[in-house]
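# got a sequence here, can you build the structure:
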Amino acid sequence: MVGLLRPFGRAVTYTRLLHLFVAVVWPAVLQFVTDAWWIWAVAAAALVPAGLVPAMRTVEGLQARLLLTGHPHDRGGDGDGGGGGDGIVVTPSSTWEDRGRLVLWLEARLLLGCVTSLLVAQLLYAVVDLVVAAAGDRPGGGAVGLLGPPQAWHIALVPVLLTALAAAVWGSGTLITALAVRLLGPSPAERLAALEERTEQLLERTRIARELHDSIGHALTVAVLQAGAARAADDPAFTRRALDAIEETGRAALEDLERVLGVLRDSGKPAGSRPTLTDADRLLESARASGAEVDADLTGPLEGVPGPVSREGYRILQESLTNVLRHAGPVPARVRVSVEGATLRLDVRNPLPADPPDPARGSGLRGIRERAALLGGSASAGPVGDDWQVHVELPVR
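I've put the predicted structure just below:
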């Protein structure tokens with residue numbers, strides 16, 4: 001019983017009824033003044049050109065959000081292309097399909113508003129009529145007149161009529177809200193555009209996550225190895241060099257972190273300049289400072305590699321060297337980066353550690369494969385003889 005009464009404790013139940021009444025106010029006033037029923041036909045005809053005006057969908061959408069959903073400023077929704085409001089858009093009509101649906105909405109709202117207004121008015125009048133007649137203040141008319149002379153038992157019909165009135169209020173509000181979601185909701189094209197925008201946002205978040213993982217992970221790995229080596233060496237000169245390397249690596253990581261956080265704070269801000277393969281010497285020196293013997297060979301016109309490919313190649317190389325230091329420690333590593341024709345090749349090899357990583361697991365190796373796949377390339381990682389190898393090929397055109 002309490003559940004049945006709960007809707008009548010919410011303001012939106014009554015604002016939905018108000019929304020229907022507003023639709024019939026002006027035709028009702030004209031009909032009252034002129035006493036001509038054809039006014040309703042004129043009103044229905046006038047809604048057709050009104051619905052063809054693109055801005056009318058914004059007006060109707062805002063009104064529907066405010067009175068039907070109770071969430072006028074909700075910008076969430078479910079990817080509705082116009083934002084929130086339980087799927088009701090507020091953008092102007094952009095296609096004839098949108099205009100046609102808006103015309104249908106205006107006509108349906110007028111019709112349902114007319115029916116609801118008459119039904120609610122008649123039910124209210126019948127309730128008042130029964131109560132007054134049962135009190136003996138005057139002879140019963142209207143609904144009471146249909147039942148014959150006023151009698152005391154007629155008062156028992158009041159709960160029935162009130163129940164019918166409540167059902168009419170709740171049912172009409174629910175129906176008009178469902179129609180609003182259907183007719184004022186986003187078109188398929190708008191849903192597709194919203195889905196594409198959402199996909200772009202998710203891809204950007206994934207890219208930022210990879211950036212943070214690669215940059216911060218590399219810096220922390222280098223710092224930990226340098227600190228451990230300095231403590232083991234117990235040599236003031238080596239300790240100073242280790243601290244210099246930790247400082248330089250940490251400063252570079254802070255720059256990357258600040259750039260990424262700047263993008264997150266301001267979605268309209270460009271990502272800014274990111275390191276490319278022409279900055280690979282910085283990575284190589286950082287790995288050497290950690291104790292690894294890096295044999296590097298960079299050949300081909302690296303400066304001519306397109307920006308996106310060069311930036312992703314830098315991150316792939318960074319993650320590969322980080323994996324060497326993390327899993328194998330300061331061991332000899334061979335790095336080969338070359339541009340051959342339309343292909344950029346990256347190879348990083350190091351002695352196979354006692355506990356090699358699982359190629360199918362780990363966010364670092366997965367990030368390398370994802371970066372390569374997004375650029376239309378390929379990446380593989382795993383044991384090759386006595387070595388562990390990361391091999392990546394990226395198209396440069």
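# leaving out the residues flanking it, which one is nearest to Cys114?
Val24 (5.3 Å; CB to CB, 6 or more residues apart in numbering). Bear in mind the C-beta positions are built from the backbone N, C-alpha and C, glycine included.
# who's in contact with the strand or helix carrying the one you found?
Taking DSSP states H and E as the definition, Val24 sits inside helix 11-34. The contact list for helix 11-34 (CB atoms under 8 Å, 6 or more residues apart in numbering) reads 7, 37, 39-40, 42-43, 63-64, 66-70, 109-110, 112-114, 116-117, 120, 169-170, 172-174, 176-177.
# what of stretch 341-350?
So stretch 341-350 is in contact with 305, 309, 313, 316-317, 320-321, 324, 328, 331-339, 377, 384, 387-397, going by CB under 8 Å, 6+ apart.
# related to what we said a few turns ago, buried set for the helix or strand just after the helix holding Val24?
Note on helix 11-34: by DSSP H and E, the next helix or strand toward the C-terminus is helix 39-51. For helix 39-51, the neighbour count (16 or more other CB atoms under 10 Å) marks Ile39, Trp40, Ala43, Leu47, Gly51 as buried.
# equivalent analysis for stretch 318-335, please.
Applying a neighbour-count criterion of 16+ other CB under 10 Å, one finds 318-331, 333, 335 buried in stretch 318-335.
# for stretch 373-387, same thing?
Leu375, Gly377, Ala379, Ala381.
# do stretch 101-116 as well
Buried residues in stretch 101-116, counted by 16+ other CB under 10 Å: 101-103, 105-110, 112-114, 116.
# now Asp234: phi and psi?
phi 50, psi 40 (degrees, to the nearest 10).
# what about it, how many neighbours?
Look at Asp234: counted by other CB atoms under 10 Å, it has 8 neighbours.
# can you check Arg198 too?
A count of nearby residues for Arg198, using other CB under 10 Å, gives 11.
# C-terminal to whichever strand or helix holds it, what's the next element?
Taking DSSP H and E as the definition, Arg198 sits inside helix 188-233. Using DSSP H and E, the helix or strand that directly follows helix 188-233 along the chain is helix 236-265.
# how far does that following helix sit from the chain's center?
33 Å (CA atoms, centre = their mean, to the nearest Å).
# packing partners of that helix?
helix 188-233, helix 280-289 (3 or more CB pairs under 8 Å, 6 or more residues apart in numbering; DSSP states H and E).
# hmm, back to that, now the two most distant members of the buried residues of stretch 373-387.
Within the buried residues of stretch 373-387, Leu375 and Ala381 form the most distant pair, 16.7 Å apart (CB to CB).
# how is the protein carved up into domains?
Following automatic domain parsing, the chain resolves into domains at 2-186, 192-395.
# export those domains to a markdown table and tack on mean pLDDT?
Supplementary listing: the domains of the chain in a markdown table, determined by pLDDT from 0 to 100:
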| stretch | mean pLDDT |
| --- | --- |
| domain 2-186 | 80 |
| domain 192-395 | 79 |
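# what residue is smack in the middle of this protein?
Nearest residue to the geometric centre of the chain (CA atoms, centre = their mean): Arg198, 5.0 Å.
# relative to Glu248, how far out is that one?
Separation of Arg198 from Glu248 (CB to CB, to the nearest Å): 39 Å.
# please compute how far stretch 40-56 lies from its chain's middle.
Worked out by CA atoms, centre = their mean, stretch 40-56 lies 34 Å from the chain centre.
# so what touches that stretch?
26-27, 30-31, 92-94, 99-100, 102-107, 110, 114.
# in helices only, show me those.
Among these, the members found in helices (DSSP state H) are 26-27, 30-31, 99-100, 102-107, 110, 114.
# picking up where we left off before, how many neighbouring residues does the residue nearest to Cys114 have?
22.
# so Val390 makes contact with Ser378?
No. Here Val390 does not reach Ser378: they are 11.8 Å apart, not a contact under CB atoms under 8 Å.
# need phi/psi at Asp235.
Main-chain dihedrals, Asp235, degrees, to the nearest 10: phi -130, psi 120.
# the strand or helix carrying Pro383 pairs with which strands, parallel or anti?
In this assignment (DSSP H and E), Pro383 forms part of strand 378-384. Next to strand 378-384 in the sheet, as set by DSSP bridges, lie strand 387-395 (antiparallel).
# show me which residues of the partner strand are buried.
For strand 387-395, by 16+ other CB under 10 Å, it's Trp388, Gln389, Val390, His391, Val392, Glu393, Leu394.
# between those residues, which is nearest Ala242?
The closest of the buried residues of strand 387-395, once distances to Ala242 are taken by CB to CB, is Trp388, at 25.4 Å.
# look up how far Leu321 lies from the closest residue in space to that closest one that isn't next to it in sequence.
Take Trp388 and drop its neighbours on the chain: the residue closest to it by CB to CB, 6+ apart is Leu352, 5.0 Å away. Here the criterion is CB to CB. By it, Leu352 lies 16 Å from Leu321.
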